[in-house]
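Asks: Need the 3D shape of this:
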Amino acid sequence: MSASVPTRADDSGPTKDQRPHGPPTRRLRIAGADVSASIAVFLIALPLSLGIALATGAPLQAGLVAAAVGGIVAGTLGGAPLQVSGPAAGLTVVTADLIQQYGWRTTCAITVLAGLAQLGLAFLRVARSALAVSPAIVHGMLAGIGITIAFAQLHIVLGGSPHSSVVDNVRQLPSQLADLHPAAVSVSVLTLVVLLGWPRIPGRAGRLVRTVPAALAAVTVATLVAALGGLRLDRVDLPSWSSHALAGLPDGPVLGLIAAVLTITLVGSVESLLSAVAVDKLAAGRKSGPRVPRADLDRELRGQGAANIVSGTLGGLPVTGVAVRSAANVRAGAVSSNSAILHGFWVVIAALLLVAVLDLIPLAALAALVMAVGVQMVSLTHIRNVTRHREVLVYGVTTAGVVLLGVLEGVAIGIAVAVAVALHRLSRTRITHEERDGVHHVRVRGQLTFLAVPRLSRTLHLVPHTAGAVVELDGSFMDHAAYEALQDWQDAHTTHGGSVELTGRSGGRIAEPAGGGDHCCRPWTAWRNHRCERPAEHGEPQVHQLASGISAFQRDTAPLVRDELARLAEEGQRPSQLFLTCADSRVVTSMITSSGPGDLFVVRNVGNLVPPPGEESGDDSVAAAIEYAVDVLEVDSITVCGHSGCGGMQALLQGAQDTADGTDDAASGPTVPSGPDELPATPLRRWLRHGAPSVERMSRQGHNWARVAGRPPGDPIEQLCLTNVVQQLEHLRGHESVKRRLADGSLALHGMYFHVGEAQAYLLTGGDDLFDVVAPAALQTARV
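Replies: This is a model prediction of the structure:
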């Protein structure tokens, strides 16, 4: 039985996917996607772990220990299923300073104490408070660390040794350039060329070689060239594991040790938590695969603390969540924390069995790799973001402080400047929550900055997953941290079945800013062909209507969508659905589907027709669009959407009936046309011949009329509109690309009917030509 279903939210209780988030239940069975993802992450982690150990001045085995422990311990105990932990560039400068000041064994003890501090913070459940740190401070800290790493590793790239500070490295750079080591420079340049050029290899060969991570390819090529060329270079020297140094008792001034522990705890915790949030965004943006629970940040902090305790005890580097490996894990298709755990075991196997191979790697190749990572930490995207949010002063001061004074000092100065800037802008922010008629209202009074993010986050999490929410923002300023917290919550809330409306002080939707002046219409009415009550200005011709609309877009809408369109321009389109509908001006696809840029690949024509394969009559545009959407864009579903009052269906009926005006006798029921007559060969008539099977299908149905929300169609036109949707879906199944994807279960077909006068959309479900009302819950399984 097919059905026509109103597309309204389900009022039933929470579903399985709407239960409180948390790490998935551990199972013995390991998915194949996790196995392949773990190998991809391992191939990235192996050279980077050695490079980071080299950059800190620690024993090279320490990087392998941290990678293994981060994968196994943090993967098992942490709360971010797809995050991969290990030694990270963000802690390189801090660790290098500690080794120089206290020695390696005391540094390991500091790592253990930092892990204990992270456990304490996790049990106090303050993980979300770490998100209150302004992104300008975090990105400024990472940029400062990146600059420090790059200048230090540049000396190794040139064949020398790094100095203790950035100032010394810059001061000694001219003398180092005058005393180059040709072999080291050659290997380093080769490493950088392969690293940067590997992802840009074009064609089929490029797609094939990109299955090997660029970092691994660069180090492998440099190692082979150095070995085959007989170059005399310093190489990796992994001593026997029996002589590996473990943690010792802390030895040094108490205040200095406390500061060191706080620095490792602060930097490691913030970097791990921000990485976990970023991984949640990446996982939510995947078009396929099972839904992965959101990160439990307090549990993730406990996992990081336990990993640092074990890593420090075993003589490993500090562990933190690593954005590069985590992003690779998500893109490789991982579905659980098993991928991170397996990657840790692969590191253990490599450290035990591949020592002879690892000893061939030139240190200059690892230095070039880490230098590239340091340069990439100074992100132009981050600089543009903080500039747009008027936080470039905080970013610049933090970066300069980290470079000149150290990480802890630079972050402290950045926080002080951020507080001063916020106090300069800030009036008292008040956040309230109340429920009225089943709708939760969250009101924010005053400016919304990172200082208010913990309160905002706590208040927003009072709203149940499936509830409707209205967030009213009454203020003139929202900083980057607050914007990300609100946007992340909105995305998560809607994903779990809730609805969110953001409004301003006047009650108007934020996404639809009110027009200025005496304009009386709501912003959405700009989509209608209407005349406002405001008198037209003298001499304003209709020809300026398009220009006025463009001007309104640039003024009101472009600032809101510019970031998203810039991202789409860089990444390319990845729509999840091909939406085929009528060219009727009253059907606004983005409005009736609540979609935005990049969501739908839309094809429109008169009558929402899909010519059967081989019958395009010289017009292959629809078939070409279907092939492109299914084979190139790899959409997950195709929707054919008809609508009430379709002019194409009216023309079909007029051509099929004996008289031009047709009949609509409500007492006797709709009249069924017997079939289309031969029509004059105009372009419109030729195109509408593709709708003739719909007329014939309706004739075969007899009086088994479709029902829309419990009522029969109002007239033959509405009946034909409904029947046409089913017939065009049948045509779709005949296209080779669609047939192939349907066979392997990777494509779904949906039918939809939009009643223009009622502003109501219906989904058509089932396998035959009858439509009836079903429960709203059927929306979750609706297919035609």
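
Asks: Excluding sequence neighbours, find me the nearest residue to D234.
Replies: Among residues not flanking D234 along the chain, L363 sits closest, at 4.6 Å (CB to CB, 6 or more residues apart in numbering). For glycine as for every other residue, the C-beta is placed from the backbone atoms N, C-alpha and C.

Asks: same check, this time on Y628
Replies: Nearest-residue entry for Y628: F601, 8.0 Å, with adjacent residues in sequence omitted and distances by CB to CB, 6+ apart.

Asks: Assign a three-state SS to that neighbour, would you?
Replies: What DSSP: H, G, I helix; E, B strand; the rest coil gives for F601 is strand.

Asks: burial of it, as a residue count?
Replies: 22 (other CB atoms under 10 Å).

Asks: could you measure it against D636, distance?
Replies: Plainly put, F601 is 11 Å away from D636 if you go by CB to CB, to the nearest Å.

Asks: shared neighbours of these two, which are they?
Replies: By CB atoms under 8 Å, 6 or more residues apart in numbering, F601 and D636 have these common neighbours: Q577.

Asks: Low-confidence ranges, the stretch 201-350 of the chain, go.
Replies: 242-243, 285, 287-289 (pLDDT under 70).

Asks: neighbours of the residue nearest to D234, just the number please.
Replies: Using other CB under 10 Å, the number of residues around L363 comes to 21.

Asks: Which pLDDT value goes with it?
Replies: We have a pLDDT of 86 for L363.

Asks: Double-check it against I156; I have them as touching.
Replies: Yes. Using CB atoms under 8 Å, L363 is in contact with I156, at 6.5 Å.

Asks: mind listing the strands for the stretch 651-784 of the chain?
Replies: With DSSP state E, counting those that start in this stretch as the criterion, the stretch 651-784 of the chain has strands at 748-755, 760-765.

Asks: Pipe these into TSV and attach distance to G406 and mean neighbour count per row.
Replies: Putting the strands of the stretch 651-784 of the chain into TSV (distance: least, CB to CB, whole Å; neighbours: other CB atoms under 10 Å) gives the following:
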stretch	distance to G406	mean neighbour count
strand 748-755	56	21
strand 760-765	59	21
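
Asks: Any idea which of those has the lowest pLDDT on average?
Replies: In terms of mean pLDDT, the lowest-scoring of the strands of the stretch 651-784 of the chain is strand 760-765 (a mean of 79).

Asks: list the helices and strands it packs on?
Replies: Contact partners of strand 760-765 among helices and strands, from 3 or more CB pairs under 8 Å, 6 or more residues apart in numbering; DSSP states H and E: strand 3-6, helix 716-733, strand 748-755.

Asks: Swap in 10 Å and give it another go.
Replies: strand 3-6, strand 637-643, helix 716-733, strand 748-755 (3 or more CB pairs under 10 Å, 6 or more residues apart in numbering; DSSP states H and E).

Asks: what angle sits between the longest one and strand 637-643?
Replies: Counting by axes from the mean of the first three to the mean of the last three CA atoms, to 10 degrees, helix 716-733 points 160 degrees away from the direction of strand 637-643.

Asks: Over helix 716-733, what's the mean pLDDT, rounded is fine.
Replies: Rounded mean pLDDT across helix 716-733 is 88.

Asks: and the angle for that helix with strand 760-765?
Replies: Helix 716-733 and strand 760-765 are oriented at 50 degrees to each other (the same axes, to 10 degrees).

Asks: quick one: buried residues of the strand or helix carrying S188?
Replies: Per DSSP states H and E, S188 falls inside helix 182-197. Of the residues in helix 182-197, 183-184, 186-188, 190-192, 194-195 count as buried by neighbour count, 16 or more other CB atoms under 10 Å.

Asks: Return the member of these nearest to L77.
Replies: Closest approach between the buried residues of helix 182-197 and L77, by CB to CB: L195, at 33.2 Å.

Asks: quick one, phi psi at the residue lying closest to the closest one once chain neighbours are set aside?
Replies: Take L195 and drop its neighbours on the chain: the residue closest to it by CB to CB, 6+ apart is A218, 4.0 Å away. Note on A218: its backbone torsions stand at phi -60, psi -50 [degrees, to the nearest 10].

Asks: give the contact list for A218.
Replies: 47, 190-198, 365, 368-369, 372 (CB atoms under 10 Å, 6 or more residues apart in numbering).

Asks: tell me what the helix holding S188 is packed against?
Replies: Helix 182-197 packs on helix 135-157, helix 214-228, helix 363-376, going by 3+ CB pairs under 10 Å, 6+ apart.

Asks: tell me the mean pLDDT over the longest one?
Replies: Looking back up the chat, that one is helix 135-157. 85.

Asks: from here on, count from 8
Replies: Shifting the count to begin at 8 puts that one at helix 142-164.

Asks: Show me what counts as buried in the next helix or strand along the chain from it.
Replies: The helix or strand immediately downstream of helix 142-164 is helix 173-178, counting by DSSP H and E. Neighbour counts over helix 173-178 (16+ other CB under 10 Å) mark 173, 176 as buried.

Asks: Centre of the chain to helix 173-178, how far?
Replies: Distance of helix 173-178 from the chain centroid (CA atoms, centre = their mean, to the nearest Å) equals 39 Å.

Asks: where's the closest residue to L67 other than its chain neighbours relative to A73, distance?
Replies: Distances taken as CB to CB, 6+ apart place A60 nearest to L67, at 4.9 Å, with adjacent residues excluded. Separation of A60 from A73 (CB to CB): 8 Å.

Asks: measure D722 to Q657 for me?
Replies: Distance from D722 to Q657, by CB to CB: 10 Å.

Asks: All the helices of the stretch 358-507 of the chain, residue numbers only.
Replies: 362-365, 370-383, 387-395, 399-411, 414-432, 460-467, 487-502 (DSSP state H, counting those that start in this stretch).

Asks: deepest of those, which one?
Replies: Highest mean neighbour count of the helices of the stretch 358-507 of the chain: helix 370-383, a mean of 25 (counted as mean count of other CB atoms under 10 Å).

Asks: Which strands or helices does that helix pack on?
Replies: Under the contact definition 3+ CB pairs under 10 Å, 6+ apart, helix 370-383 sits against helix 39-63, helix 67-76, helix 99-109, helix 142-164, helix 189-204, helix 221-235.

Asks: Mind putting those into a markdown table with distance to A554?
Replies: Converted to a markdown table, the helices and strands packed on helix 370-383 look like this (distance: least, CB to CB, whole Å):
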| stretch | distance to A554 |
| --- | --- |
| helix 39-63 | 51 |
| helix 67-76 | 59 |
| helix 99-109 | 54 |
| helix 142-164 | 38 |
| helix 189-204 | 45 |
| helix 221-235 | 48 |
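
Asks: picking that back up, and the helices of the stretch 358-507 of the chain: which comes nearest G259?
Replies: Here helix 414-432 is closest among those (CB to CB), at 15.6 Å.

Asks: and the closest one with helix 142-164, angle?
Replies: Using the same axes, to 10 degrees: helix 414-432 against helix 142-164 is 150 degrees.

Asks: Dump helix 414-432 to PDB, restricted to CA.
Replies: Taking C-alpha atoms only, helix 414-432 is exported to PDB below (Å, rounded to 0.1, in the frame of the first residue of the first chain):
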ATOM      1  CA  VAL A 414      53.700  28.700  25.700                       C
ATOM      2  CA  LEU A 415      52.400  29.300  29.200                       C
ATOM      3  CA  GLU A 416      53.400  32.900  29.300                       C
ATOM      4  CA  GLY A 417      52.000  33.600  25.800                       C
ATOM      5  CA  VAL A 418      48.700  31.900  26.600                       C
ATOM      6  CA  ALA A 419      48.500  33.900  29.900                       C
ATOM      7  CA  ILE A 420      49.100  37.200  28.100                       C
ATOM      8  CA  GLY A 421      46.500  36.200  25.400                       C
ATOM      9  CA  ILE A 422      43.900  35.400  28.000                       C
ATOM     10  CA  ALA A 423      44.600  38.800  29.700                       C
ATOM     11  CA  VAL A 424      44.200  40.600  26.400                       C
ATOM     12  CA  ALA A 425      41.100  38.700  25.500                       C
ATOM     13  CA  VAL A 426      39.500  39.500  28.900                       C
ATOM     14  CA  ALA A 427      40.400  43.200  28.500                       C
ATOM     15  CA  VAL A 428      38.900  43.200  25.000                       C
ATOM     16  CA  ALA A 429      35.700  41.400  26.200                       C
ATOM     17  CA  LEU A 430      35.300  43.800  29.100                       C
ATOM     18  CA  HIS A 431      35.600  46.600  26.700                       C
ATOM     19  CA  ARG A 432      32.800  45.200  24.600                       C
END
